[in-house]
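Enquirer: next come a sequence and a model predicted from it.
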Amino acid sequence: MIIIDTYAWIEYFKGSEQGKIVEKYLNEEKTITPSVVLIELSCKSIKEGWDFEEYLKFIKSKSLIIGMDDESIIKCGQIYFNEKKKKSGFGLVDAIILTSAIRMNAKILTGDEHFRDVKEAVFIK
């Protein structure tokens with residue numbers, strides 16, 4: 001299983017070379033998208049003028065959408081605190097994605113530098 005983060009979805013929808021790597025995973029792996037990624041993409045779509053409703057339908061057809069259970073919510077705070085000490089730009093959304101990967105025993109498909117030293121990360125750069 002692999003989690004597709006915001007960075008990876010953006011590259012996919014842009015049709016970039018990195019997006020072609022994402023497409024390969026979409027066709028060959030069981031994919032997961034945390035709901036917080038959808039929120040980030042919704043915000044990005046306003047800025048970029050994308051038809052997010054179409055993107056959302058596509059994402060839901062290709063990927064399992066997950067939220068956070070109680071245990072993950074508790075664990076997420078610790079992950080955020082620990083990673084923030086190491087990386088000043090590490091955000092709460094990053095912590096949610098990492099927590100989701102740990103919970104689902106999945107990798108994170110990304111190009112986000114905040115995940116550079118995270119063992120769960122698979123880089124598309």
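Expert: Received it, and whenever you're ready, just let me know what you need.
Enquirer: for the longest helix along the chain, which helices and strands make contact with it?
Expert: Longest helix in the chain by number of residues, with DSSP state H as the criterion: helix 70-86. Secondary-structure packing of helix 70-86 (3 or more C-beta pairs under 8 Å, 6 or more residues apart in numbering; DSSP states H and E): helix 92-104. No exception for glycine: its C-beta is placed from N, CA and C like everyone else's.
Enquirer: returning to what we had before: pull out the buried residues from the longest helix of the chain.
Expert: The neighbour-count check on helix 70-86 (16 or more other C-beta atoms under 10 Å) flags 72, 75, 76, 79, 80, 83 as buried.
Enquirer: contacting residues around that helix?
Expert: Residues outside helix 70-86 that contact it (C-beta atoms under 8 Å, 6 or more residues apart in numbering): 68, 90, 92, 94-96, 98-100, 102-103, 114, 117.
Enquirer: from the chain's centre, how far out does it sit?
Expert: The chain centre lies 16 Å from the centre of helix 70-86; the measure is C-alpha atoms, centre = their mean, to the nearest Å.
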